[in-house]
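> no sequence for this one, just the structure:
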């Protein structure tokens, strides 16, 4: 008699599907021949040399042991100084900054520290695939607020208001947005602030991993910049996207000490600390790499224009993104579902992208295309997409 594994696995884990992003990434890797991958959200740039040099020197200098649980003091100071310089906000590096293993750990810590079974968490979709999963793993109830292309994929205050109930524990927002590339200006956030002021018990978890990739004015904008919300906004941030440091696996949480403390407790027991070498590297990143980030942002901006023009030439409508490094074109005119479009494009043209429904039901009829790839690959991929669309008209 076979062992009943299903009865032993958490129901919360069983109900969460595997990531569709990884599905197409793995399919592309399994294919024979060259595949142009515009699927994964990873910078093609190598981490700037001064940051790599800091990492190398940290090993030479013997930083090969555990750090303090919340991170090295100098690393937390560097994060605090960066936030003062770029956001104009102040966080105590001793009690209000927690260095994590990437931004993803921050999302998980927040869910486990804040959610009781049955608590509702508002998730603004389309969004990063981990938002809903972390809530469900923690036995919370996701409540979806859909953003729309006609609103430039911004979170609209009236739609947020209508989703709030007496069971709402917190709200997850992610701007600049993955997958749409949408941004929220400070004026947009001010309207959301007004809604939150009417609901003083609700916390906000703001994912700002792409904060430096803003092509409108190059400046981060955030709910953390409103003093009235200081006691109940937690920022998840990191170095993976803006600084091309995905492999370093280092991010951070900042927020009021009363909310950071329970997350620290979980981190202390389950992770202990982020990698020491990575923590030393982020000091250089946070303090001295503004020019390198600016160069990468300028290059992404150029690629962004190329990919939007390429989609237009292919006859695909696309909202103009002003943040992150993604385009989110509509493929409804082809008559295919998002998954059909991506599977056929991969098989027929060897171009890998991600179906929009991976980021929520409202993403059906759209696909995510990453321009964190070389300009040469982007131009070739756009030619192939145009061929593909023309071949499948009707």
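That came in fine, so what should we check first? Quantities reported herein were computed from a predicted structural model and do not represent experimental measurements.

> contacting residues for residue 287?
Contacts for residue 287 (Cβ atoms under 8 Å, 6 or more residues apart in numbering) come out as 78, 81-82. Any C-beta I mention is one placed from the backbone N, CA and C, and that applies to glycine too.

> now those as CSV including pLDDT and distance to residue 391?
As requested, those are exported to CSV (pLDDT from 0 to 100; distance: Cβ to Cβ, whole Å):
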residue, pLDDT, distance to residue 391
78, 98, 52
81, 97, 54
82, 97, 48
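
> just the residues contacting the helix or strand of the chain with the lowest mean pLDDT, thanks.
Lowest on mean pLDDT, DSSP states H and E among the helices and strands of the chain sits helix 20-30, with a mean of 72. By Cβ under 8 Å, 6+ apart, the residues outside helix 20-30 that reach it are 35, 37, 39-41, 129, 342-343, 346, 352-355, 357-358.

> the same query, at a cut-off of 7 Å, please.
35, 37, 39-40, 129, 342, 346, 352, 354-355, 358 (Cβ atoms under 7 Å, 6 or more residues apart in numbering).

> mind putting the residues you listed in TSV, secondary structure and pLDDT included?
Formatted as TSV, the contacts of helix 20-30 follow (DSSP: H, G, I helix; E, B strand; the rest coil; pLDDT from 0 to 100):
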residue	secondary structure	pLDDT
35	coil	90
37	strand	92
39	coil	90
40	coil	85
129	coil	93
342	helix	95
346	helix	94
352	strand	94
354	strand	95
355	strand	96
358	helix	94
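
> among those residues, who's most crowded?
Within the contacts of helix 20-30, residue 354 tops the neighbour count with 31 neighbours, counted by other Cβ atoms under 10 Å.

> who does it form a beta bridge with?
residue 368 (DSSP bridges).

> and residue 279, how far is that from residue 314?
44 Å (Cβ to Cβ, to the nearest Å).

> and the two? Which one has more around it.
In this view residue 279 and residue 314 are compared by other Cβ under 10 Å, and residue 279 has more residues nearby, 26 against 19.

> and what about the more buried one, helix, strand or coil?
State at residue 279, reduced to three classes by DSSP: H, G, I helix; E, B strand; the rest coil: helix.

> ok, it touching residue 97?
No: taking contacts as Cβ atoms under 7 Å, residue 279 lies outside contact range of residue 97: 11.7 Å.

> residue 33 belongs to a strand, doesn't it?
No: using three-state DSSP, the assignment for residue 33 is coil, not a strand.

> ok, now how distant is the residue lying closest to it once chain neighbours are set aside from residue 339?
Closest residue to residue 33 apart from its sequence neighbours, by Cβ to Cβ, 6 or more residues apart in numbering: residue 350 at 6.1 Å. With distances taken as Cβ to Cβ, residue 350 is found 17 Å from residue 339.

> what's the answer for residue 253, then?
34 Å.

> repeat for residue 122
On the measure of Cβ to Cβ, residue 122 and residue 339 end up 27 Å apart.

> can you check residue 110 too?
30 Å.

> how is the chain carved up into domains?
7-46+291-389, 62-289 (automatic domain parsing).

> the ones you listed: which one's closest to residue 54?
Evaluated over the domains of the chain, closeness to residue 54 peaks at domain 62-289, with 4.0 Å, by Cβ to Cβ.

> mind checking the end-to-end distance for the closest one?
Terminal residues of domain 62-289 lie 24 Å apart, using Cα to Cα, to the nearest Å.

> in the protein, which spans are strands?
36-37, 97-100, 120-125, 141-146, 168-174, 203-207, 233-238, 251-254, 326-327, 351-352, 354-355, 367-370 (DSSP state E).

> now for the first one, which elements pack on it?
It refers to strand 36-37. strand 351-352, helix 375-391 (3 or more Cβ pairs under 7 Å, 6 or more residues apart in numbering; DSSP states H and E).

> and among these, the most buried is which?
By mean neighbour count, with neighbours taken as mean count of other Cβ atoms under 10 Å, strand 351-352 ranks first of these at a mean of 24.

> in this structure, where's the longest helix?
helix 290-313 (DSSP state H).

> mind listing residues that contact that one?
Everything outside helix 290-313 that qualifies as a contact, by Cβ under 7 Å, 6+ apart, is 45, 48, 212-213, 215, 218, 242-244, 318, 320-321, 325, 327, 329, 369, 371, 375, 378-379, 382, 385-386.

> of the residues you listed, keep whichever come out buried.
48, 212-213, 215, 242-244, 318, 321, 325, 327, 329, 369, 371, 378, 382, 385-386 (16 or more other Cβ atoms under 10 Å).

> picking that back up, relative to helix 375-391, how tilted is the longest helix of the chain?
20 degrees (axes from the mean of the first three to the mean of the last three Cα atoms, to 10 degrees).

> got the buried residues for helix 290-313?
Here helix 290-313 shows 292-293, 296-297, 299-301, 303-304, 307-308, 310-311 as buried, counting by 16+ other Cβ under 10 Å.

> the residues you listed: which two are farthest apart?
292 and 311, at 28.8 Å, using Cβ to Cβ across these.

> residue ranges with poor pLDDT in the stretch 151-300 of the chain?
Across the stretch 151-300 of the chain, nothing is flagged by pLDDT under 70.

> can you show me the helices along it?
Counting by DSSP state H, counting those that start in this stretch, one finds helices in the stretch 151-300 of the chain at the ranges 157-163, 186-197, 257-270, 276-288, 290-313.

> out of those, nearest to residue 55?
helix 276-288 (4.1 Å).

> sort out which residues of the closest one are buried, please.
For helix 276-288, a neighbour-count test (16+ other Cβ under 10 Å) marks 276-286 as buried.
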